[in-house]
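Student: sequence unavailable; structure follows:
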């Protein structure tokens, strides 16, 4: 079953004694995996996928329009196009370094952020009403023309000032 924040419960009953996966399954123990958190990069854009255009506004106020496949996240698109959006946790929803501001028109069409995203946004530099994490915005046709503004700074508690290279 799918729950808030994309977690999928594989089995459902109270936790019993730890053991091997087969023992867990036979005991009907609750086992949860993090699903749809879009960790890492999806496959490269392919010609047959629907495309949308989004506009990144960099820290120096330069507008960078890019075309990307529907289904990719804003973080993946930024990395694919050399836009300086950090993403220190590589999209695993464990930091706030991919914090962006979404134009109000498109912000209003996004699903509400889940509790985990809100927790990470609380740590973001310059939090605003239209703040979201780029790793949690999955592109749809309805987001065509969306303007995403990078904040003036990020809070990377692991290594301040280090900008990782996407892989």
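Tutor: Nice, I can see it. Everything numeric in this text was worked out from a predicted model, so none of it was measured.
Student: need the helices for the chain, in chain order.
Tutor: 21-26, 74-80, 104-107, 115-121 (DSSP state H).
Student: okay if I get those helices as JSON lines plus distance to residue 155?
Tutor: For glycine as for every other residue, the C-beta is placed from the backbone atoms N, C-alpha and C. Formatted as JSON lines, these follow (distance: least, Cβ to Cβ, whole Å):
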{"stretch": "helix 21-26", "distance to residue 155": "37"}
{"stretch": "helix 74-80", "distance to residue 155": "16"}
{"stretch": "helix 104-107", "distance to residue 155": "21"}
{"stretch": "helix 115-121", "distance to residue 155": "10"}
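Student: so can I have JSON lines of the ones you listed showing mean neighbour count, mean pLDDT and distance to residue 51?
Tutor: As requested, the helices of the chain are exported to JSON lines (neighbours: other Cβ atoms under 10 Å; pLDDT from 0 to 100; distance: least, Cβ to Cβ, whole Å):
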{"stretch": "helix 21-26", "mean neighbour count": "12", "mean pLDDT": "40", "distance to residue 51": "41"}
{"stretch": "helix 74-80", "mean neighbour count": "24", "mean pLDDT": "97", "distance to residue 51": "11"}
{"stretch": "helix 104-107", "mean neighbour count": "14", "mean pLDDT": "98", "distance to residue 51": "16"}
{"stretch": "helix 115-121", "mean neighbour count": "16", "mean pLDDT": "96", "distance to residue 51": "26"}
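Student: quick one: which of these is nearest residue 139?
Tutor: Among the helices of the chain, helix 74-80 comes nearest to residue 139, with 7.1 Å by Cβ to Cβ.
Student: what about stretch 91-99, start to end distance?
Tutor: With Cα to Cα, to the nearest Å as the measure, stretch 91-99 spans 11 Å from end to end.
Student: what are the buried residues along that stretch?
Tutor: By neighbour count on 16 or more other Cβ atoms under 10 Å, the buried set for stretch 91-99 is 91, 93, 95-99.
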